[in-house]
Structure formats: C-alpha cells, structure tokens
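>>> Got a sequence here, can you model it:
(chains A and B)
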Amino acid sequence: MKLGRLLVAAIILILFALIWWTADADASEKPADEFGISILRGAAENATIEDVCCGLLKDRFESVDGRGFLTGPDSPVIWLRLETGSRKGVIRFGSFAEDVTLYSERGNGTGFDTVRTGKLLPVDQRETTDIHASLPVGEGAEGVHYARINQVAAIFMAPKFQTREAFETEYSRELFWHIFLAGAAVIMMIFNLSLGILIRDRLFVLNAFSVFFTFWNGLVISGLGSSYLWGNWAQYSIGMFEITMMLGSGVSAIFLYAYLDQPEGNSRWVNAILVFPALFLLSFLLWFFLPTWVMHVLLITLNIANTLYALVALAVLSFGGDRRARLMLPTLLVILVPGNALLFAGSISDSELIIPREHVLEVMIFMEALLFSLVLAYRIRLAQTDAARAHVELNRVQRDASRQMIESVDADRRRIASDLHDTAGQGLSAISIRLKQFVARTRLSKTAKSEIDEIAAFSSGIVGDIRRISHELHPAIIDHLGWKRAIRQLFSSLAETRDINVDVDFDLGDAEPDAGQQLNLYRIIQEICSNIAKHSEATECRAGFTYANNEVQVSIADNGPWRQPPEDEVVNGASLGKVIIDQRVRLLKGDWSSVAGAKGTVVQLHFPLDDGNG
Amino acid sequence: MVRSFKSDKGPWFVPDIGLGVLGLFMPYAVWLGGQWVYDIPLQPSISDYYHTSVGTFHVGALLAFAVYFMVRPWTTKQSRVTGILIGLFTAGAALVPVPQCLETAGSIARAQSVSGLVHLLFAFLLLCTFAYLTFFRFGPSATDPELVAGRIHNVHRMLGTTMLFCSLLIGAIGLSGETCHSPEAANSNVFWLEAAALSAFWLSWLIECLWARRSEAASGSRN
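As a prediction, this is how the structure comes out:
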C-alpha cells in the first residue's frame, strides 16, 4: 500500500521534472537580442509584398512590445517586418501557425525569396516539413524580412530567431519528446482499451476514448497531426480542433459519471454531470450559425465549465464521504493544476524560464491516461476489499443465524426431554409401581395377575423408551457425568450395538471447552457415531482428543468401506449428517475434514477453545 | 418487447435527447447551413458533404454518434452489441469517405472505387442496424395499457419500415450507378432518401426516450 503510493508520487514527480526540464531546456535557446518585430494589422487580404515593403502600407507597421502578439479571428491576415541583422539562421513562428509566408529580400535588390509553410497547408504545398513553421533566412537576405501570417485561431505568437545549429538541436529534442510522450500516451490508450475489453469494465474503455480524443486534440493544436498524420486533409485541422474538443470533453464527462455511478442511485451532483455531453452534442448544431471565434469561445467556455463542475462535484462528494470521489479529486487536481498553472504563468509572464511548450499538453495527456488507469485499478482493489468485507460480514451473520437456530433447537429439545421425563416418564413409572402394589395387595386370579404383570412390564418398557428418547433429545448425561464420559458412552453404545472394537483416548491436559462447545462437540460425535453405525461395516474404531496451540483436535478413524448415503438423507448434494456437522463446526469456529475410501474413513476436526460460541 | 433504454438511469435521458435532436436535424443542418453560410449547392448524398466546407461538421457529428452509441449503457446484451455495431458502422461511414469525382486513373481511381464501396457498405449496415433497433429493441413497456402499447408499436414499425425501404433504395441506386458521385449532379434522390431514413430513426429514438421516461414516471407514481 505504502509502496504503491510512493511509486505514484515518484511517477508524478518525474513527470513534472520532465515538464520543467523541457520548458527550461527550450528557454535556454534564447532568441537573438537584436531581433526586432513590427506588425501590420488590417491590410487587405490581397495585399502584395510590394504594397507592404515599398508601397502605401510600409509606414503602417507598429513596433511589437514584449515577447510577441495575439493573432485573432477579427483580422486573420497579419504582416510582420522582422529585422535579423546580417546573421543567417531560422525564424520560428510556433507550432500553431496555420499559413505563413516569409519574404526575404535578396542582396542584389532583385526581389524576394519566399518560403511558405503552416499546418493548414496540404503537405505538398509546404516548403519546410517542420511542424513549428520554421522558415530559414537565406544567405542572400539583407537582414529585413517580411512575413504574411494567415491565422484564424486566436493564439499568442512569439516568433524567434535562431542559428541553424541551435534550431536543429532544439528541433531534434522536441521531436524526440513529441514521439516519446505521444508513444507513451498511445500505449496507455491501448492498455486501457484492451484491459476494458478483457475484464469487461466499461470505465477503462471510456478512459481510452477520453484520452484518445484529448490526444487527437493535442495533435491538432500542436500541428503534429497535420504535419505527419493528415497532411493531405490539412484544411480540416480547424474543424478537428472543435470536434476533438467536443468529443474529448463529452467522453470525459461520461467517464466521470460512469466512475461515480452507484447502482443504488446517485446524488444530483453526479446526475448533473451528464448535462455536459448533451450541451456538447447540441453545440454541433450552432456550428453554422456562429462565427468561428464565437464557436471557439463557446467550446472553451463549455470545456472550462465542465472541468470546474467536475472539481466542485468531486469536492462535494468527497466531503460527503464518497471514497471514489476522494480518490479522483486529487488525481484530477494533479493532472490539471500544475500544467495549466505553467501555461497560465507562461501567458502572462515575460520570463523565459516559464515559456510553456506543447510538451506540457502532452505530459498532461499522458498523465491523464496513466493516473486515471491507476485510479481505476485502485477502484477495483477497493471493490475487492469491499467484497471481502461483505463476505466476512455475511459469514458472521450466517454463523450467528446458525448459532441462534441450533441454540433454539437445543433449548426446545431440552424442554421436550424434561417434559417427557417429568410427565410421561414419571407417570408411567407411577402406574407401574401402583400396578405392582395392587397385585401384591389384592387376591387375583392367575390369569388376571399375569395380565397385570404384562401391563406393568410393558409400562416399564415404555418408560425405558422415554428415557432413551429424552436422553437423545438432551444429553443430560453431560450435566451429570461430564462431557468426556458422555462421549465415551456414545462410543460404548456404538461398540455394544454394532459389535465394534472401540478405542477412545483423551489427552487434553487441563483444557476444558465451555458448556456450549461441549454440547456441540457431543452432537458432532453423536452424528459421526451414527454414521459409522448406519453407513459402514467397520470392525475397528479409534478416537483421539488432543489439545495443542489453544485448539482441541479430534480424530476418529474406522476401517469400514465408505458407502453412498441414502437419497432421503441427501440435501443439496451433501448428506444430512454432513450438513449438521458443518453447522456445528461453524459454531465452534473450527474446521473439519472427512476422507473416506475402501479401507475406512478418517474424520478430523479442530476448534479453538476461547470464545467458542462466537 | 424488451426495452433497450436503461430507463432506470434517469440522467441518460438528457444526453439521449441531445443526441436525438442533433441526429434529427443533422441532414437538414448540412443542407441549409451549407447553402446559406457557404453557398454549397445541395449534394447528391449526405456523404458528399464530406468534401465540402461542412465536411468537418458532418464527420464530427457522425463520430459523436459513434462514440455515444458505444459508451452508452444498455439494458440487454443484444442492445449492447447493437450499440457497438452502430458505433463501428458510423465511424466507418464517417472515416471512409465517398469518392470525389476527379479526373483520375489507375490505382487512385480503383482505390476511390473501393473506398466508395466500403462507405456504401458501412452506410447500408448502419441503416439496417438502426432499423433493427427500431423494430426489435424499441417498444412499449410491460406496464403500458394494451391500446397505447399497440399504438407505440405501430409507430415504431412504421418508422422502421420507412428506414428499410429507404435503405434498400439507397443500396440499389449505389450498386446500379457509379460510386463516384458528381457534386454538380442535379439528382439528389439519395440525399433525400438518406435524410428520410435518418429522420425516421431519430424520430423513433426520441419517441422511445420520451416514452421510456413517461412510463418510468408512471410506474414510479404507481409504486
């Protein structure tokens, strides 16, 4: 348990160290100090490079303060003037760039070299394969470049200039982390899906779906998807962002609902979670009637509301004592808070140390897949613990019920035995004595005397029968002679009635079962003796009673071949005798076994001495 | 008749209705939205919108149906299997596009033809499983009065028959003509047949949702 928690904590720490390290490593490749950016917004869509560099628009550029600028759906076409000086290298526009064309003025003043890329362009129209829209500044450039950016999505863009060596090092490292983290997330997805199907647990499948769509969303945002997976259908990237966000959030909400769903009924907090999938589905219909940026704002708002509601609902349920919510709440916080805090800090801060990278998103997706899987696995363990606890409770209830039933039967037997002995037995004895007195006092014919003597003898016989029945109903002999002698008498009776050589040995020292245990043990031995008498043809029987490790151990062996009990003595596949012994042994909190074969039967049982009646 | 809906799970009513409304209006949304917002003429079939600006909406809605049918809980094993099949067929129809008419030859043309046939197969199987759901899994509950139960049955049967009839006609048209449709084609019979079949199913779905809810409430009040 503690080891598992330590392992999870170690994984989380490693992941965050990884986020920090990648962010820090990227930040170490700082853009050149002299990299100047000016921006021109509101140019006509069909404005040319000549209009921008040398025409009426050239004086409308404004200097960009801080790290960068915001692109926006209100003016998707933006022109940039980039001054890199005489150095050669690469200008990077970021992975969100949808369509960027870089114009570098040739040294001899004969025009511009152009390079175009962006994630919304089909692969064959991209002039670099880099996912970050990185455009090389050529040898012939004069140090002033212009970039035309056509960007519908609203993002914060921070172009930077790097030497080719620095760019290549960073590019290789980023690609490695993309592949590593994406691969890990894919493995977790496959693992969840396979496990869900194998153990028929819908939650693992839902987790796989949820991670899949979030992962797809990440591929859209990072540009990896349009670069390497659906480059020929790149025009769908914007739509894919909306679809995957709707599906990812919708399935996540369904996952959370299914996770918290209780068979006996849910609270309103849980039921209300399913409102969000409905809202995501209905938001599809608004697609045509809302401008793209409004649709984006709507979806992001719905997504944030969905997440916040999940956190509030989990907090409420956790305070209400829901163990599953208590497990999920910190997990969700661990997935959401540090990553989003890093993204938020990066968006408001100029510090190069906390510039967020798309790895943050990837790490969050991977953590979602990993930690939710661990939560689900732990949930199974919780269910197993609950089931084990319920099993123990059920056993206890069964034992109590069985004990109460047997005690009630014993009490009834004792009462009936006492009544029989005190009324019928005593009455018949009195009749027998009175008859004998009557015969002694009165002159009777021989015939009458003989008749009365027969009646008296018959009456005495009935008295004997009543005593035997009374004794079987309640072994008063235990009270009178002690339990050991009572048990010895059972074996003696077996020896007399069936002509069996019996050897009984008690080696219990000072151990003494309590009254309830004595009665149960007596009944068990009575049943075993009855079985030997009825179902075996034994000639030898050895019984041993020993005491060791606070347990009484009993062993009874005979040499008679085992025979199938008659059908009328079989209940649910077990003989009636076995059922009775089972119940009594359970009352003793002990265990027993019976091994029967052609050479005889050995019955062994043991039970603890303390607290025998539970 | 066994209900497919897990009517004892009240909260699913909300997304069920959301899905039903989206499904009912989806064909008309691509048609009208495409025409008004993007000036896209009525296409020969719903699937042809894949290659237009509303293709993303079309694919997204189909994927939403697919995912929802696969993750939603069902009361019976048959319904659960049907839900998974519908999910797979819908995802197949969404992700394997109907070919666009281009001046292509050789392997590309053949691939397009195969893609068209696969799409047609997925779409046909999808409509058939929809019809199965309507005919055999939707219906009145055991507690409904006989007269009402008969009417509900008849409505579902009528809608199921409409779906089957439309599906067979779509299949026949698809197999008799070329699988590569022309966006400029004036004939949009397949579109209207698909719209009618889908509307019939989603109407049946919404009736089942609402009736399951009502029966559950009535049963609850009786108890």
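>>> top helix in the chain by residue count?
In the absence of a named chain, chain A is used. The longest helix of chain A (DSSP state H) is helix A:358-419.
>>> look at chain B instead
Under DSSP H, chain B gives helix B:189-222 as its longest helix.
>>> Rounded mean pLDDT for that one, please.
Averaging pLDDT along helix B:189-222 yields 81.
>>> That one: how far from the chain's middle?
12 Å (CA atoms, centre = their mean, to the nearest Å).
>>> How about it and chain A, any contact?
No. Using CB under 8 Å from any CB of the partner chain, we find that helix B:189-222 stays clear of chain A, coming within 11.7 Å at best. Where you see a C-beta, it was placed from the backbone N, CA and C, and this is true even at glycine.
>>> Just the buried positions in that helix, please.
Of the residues in helix B:189-222, those buried by neighbour count under the rule 16 or more other CB atoms under 10 Å in any protein chain shown are B:190-191, B:193-209, B:211-213, B:215-216.
>>> got any ranges where chain B has weak pLDDT?
For chain B, the stretches with pLDDT under 70 are B:1-10, B:100-113, B:140-145, B:174-187, B:216-223.
>>> now the helices: where do they sit in it?
B:13-38, B:55-71, B:77-95, B:106-132, B:146-176, B:189-222.
>>> As CSV, the ones you listed with distance to A:Leu193 would be great.
Formatted as CSV, those follow (distance: least, CB to CB, whole Å):
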stretch, distance to A:Leu193
helix B:13-38, 22
helix B:55-71, 11
helix B:77-95, 13
helix B:106-132, 21
helix B:146-176, 31
helix B:189-222, 27
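>>> So which of those is the most surrounded?
Most buried of those, by mean neighbour count (mean count of other CB atoms under 10 Å in any protein chain shown): helix B:55-71, with a mean of 23.
>>> next one: that one to chain centre, how far?
Using CA atoms, centre = their mean, the offset of helix B:55-71 from its chain centre is 11 Å.
>>> Give me the contact status of that helix with chain A.
Yes. Helix B:55-71 reaches chain A (CB under 8 Å from any CB) through B:Gly55, B:Thr56, B:Phe57, B:Val59, B:Gly60, B:Ala61, B:Leu63, B:Ala64, B:Val67, B:Tyr68, B:Met70, B:Val71.
>>> From chain A, how far off is the closest residue to the first one other than its chain neighbours?
Pointing back at B:Gly55 there. Spatial nearest neighbour of B:Gly55, excluding adjacent residues (CB to CB, 6 or more residues apart in numbering or on different chains): B:Tyr49 at 5.9 Å. Computed as CB to the nearest CB, to the nearest Å, the B:Tyr49 to chain A distance reads 12 Å.
>>> Would you confirm that B:Tyr49 contacts B:Gln43?
Yes. Contact status for B:Tyr49 versus B:Gln43: in contact at 5.4 Å, counting by CB atoms under 8 Å.
>>> gap between A:Ile478 and A:Gly516?
A:Ile478 sits 11 Å away from A:Gly516, going by CB to CB, to the nearest Å.
>>> Same question for A:Asp51.
Using CB to CB, A:Asp51 is found at 105 Å from A:Gly516.
>>> what do you get for A:Asp386?
32 Å.
>>> Compare neighbour counts for those two and give me the winner.
A:Gly516 (17 against 11; other CB atoms under 10 Å in any protein chain shown).
>>> List phi and psi for A:Asn501.
phi -80, psi 120 (degrees, to the nearest 10).
>>> how many neighbours does it have?
Counted by other CB under 10 Å, the residues lying close to A:Asn501 total 11.
>>> From the residues of helix B:55-71 next to chain A, pick the one nearest A:Glu472.
B:Val71 (65.3 Å; CB to CB).
>>> Surely the closest one touches A:Phe209?
Yes. Using CB under 8 Å as the test, B:Val71 is close enough to A:Phe209 to be in contact (6.4 Å).
>>> Look up the residues that both of those two are in contact with.
Residues touching both B:Val71 and A:Phe209 (CB atoms under 8 Å, 6 or more residues apart in numbering or on different chains) are A:Val251.
>>> in the stretch 151-300 of chain A, what residue is nearest chain B?
Taking CB to the nearest CB, chain B has its nearest neighbour within the stretch 151-300 of chain A at A:Gly239, 2.5 Å off.
>>> Report the secondary structure element holding that residue.
helix A:237-260 (DSSP states H and E).
>>> any idea how far that helix is from the chain center?
22 Å.
>>> relative orientation of that helix and helix B:55-71 in degrees?
Orientation check (axes from the mean of the first three to the mean of the last three CA atoms, to 10 degrees): helix A:237-260 against helix B:55-71 gives 20 degrees.
>>> Report the buried residues of stretch A:430-444.
For stretch A:430-444, by 16+ other CB under 10 Å, it's A:Ile431, A:Ser432, A:Leu435, A:Val439.
>>> again, but for stretch A:295-302
A:Met295, A:His296, A:Leu299, A:Leu302.
>>> could these go into JSON lines alongside secondary structure and pLDDT?
Formatted as JSON lines, those follow (DSSP: H, G, I helix; E, B strand; the rest coil; pLDDT from 0 to 100):
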{"residue": "A:Met295", "secondary structure": "helix", "pLDDT": "81"}
{"residue": "A:His296", "secondary structure": "helix", "pLDDT": "79"}
{"residue": "A:Leu299", "secondary structure": "helix", "pLDDT": "86"}
{"residue": "A:Leu302", "secondary structure": "helix", "pLDDT": "91"}
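>>> Kindly identify which of the residues you listed also come near chain B.
Among the buried residues of stretch A:295-302, proximity to chain B is found for none (CB under 8 Å from any CB).
>>> how about the residues of chain B that lie near chain A?
So far as CB under 8 Å from any CB goes, chain B lies against chain A at B:9-12, B:14-15, B:17-19, B:21-22, B:25-26, B:29, B:32-34, B:36-37, B:54-57, B:59-61, B:63-64, B:67-68, B:70-71, B:73.
>>> Please, which helix or strand holds A:Arg200?
Per DSSP H and E, A:Arg200 falls between elements, in no helix or strand.
>>> tally of neighbours for it?
9.
>>> same thing with A:Phe366?
26.
>>> got a list of what it touches?
A:Leu15, A:Leu181, A:Ala184, A:Ala185, A:Met188.
>>> now do A:Leu588
A:Gln517, A:Asn520, A:Leu521, A:Phe607, A:Pro608, A:Gly612.
>>> quick one: the fifth one from chain B, how far?
Counting by CB to the nearest CB, the separation of A:Pro608 from chain B is 47 Å.
>>> Name whatever forms a beta bridge with that residue.
Beta bridges link A:Pro608 to A:Glu551 when assigned by DSSP bridges.
>>> Count the neighbours of it for me.
Other residues close to A:Pro608 by other CB under 10 Å number 15.
>>> again with the first one
For A:Gln517, the count of nearby residues is 23 (other CB under 10 Å).
>>> which SSE is it in?
Counting by DSSP H and E, A:Gln517 is part of helix A:515-535.
>>> Please name every helix or strand in contact with that helix.
On a contact count with 3 or more CB pairs under 8 Å, 6 or more residues apart in numbering or on different chains; DSSP states H and E, helix A:515-535 meets helix A:358-419, helix A:476-481, helix A:483-498, strand A:551-558, helix A:576-587, strand A:600-608.
>>> For the shortest one, list every residue counted as buried.
For helix A:476-481, a neighbour-count test (16+ other CB under 10 Å) marks A:Ala476, A:Ile477, A:Ile478 as buried.
>>> Using the three-state scheme, assign A:Phe545.
At A:Phe545 the chain is in strand, as set by DSSP: H, G, I helix; E, B strand; the rest coil.
>>> And the pLDDT for the residue located most distally from the centre of chain A?
Using CA atoms, centre = their mean, the residue of chain A lying farthest from its centre is A:Arg443. It sits 94.7 Å away. For A:Arg443, the pLDDT comes out at 79.
>>> Could you say which helix or strand holds it?
Counting by DSSP H and E, A:Arg443 is found in no helix or strand.
>>> so how far is A:Ile431 from it?
Applying CB to CB, the value for A:Arg443 to A:Ile431 is 21 Å.
>>> now swap in A:Thr546 and tell me
Counting by CB to CB - A:Thr546 and A:Ile431 are separated by 48 Å.
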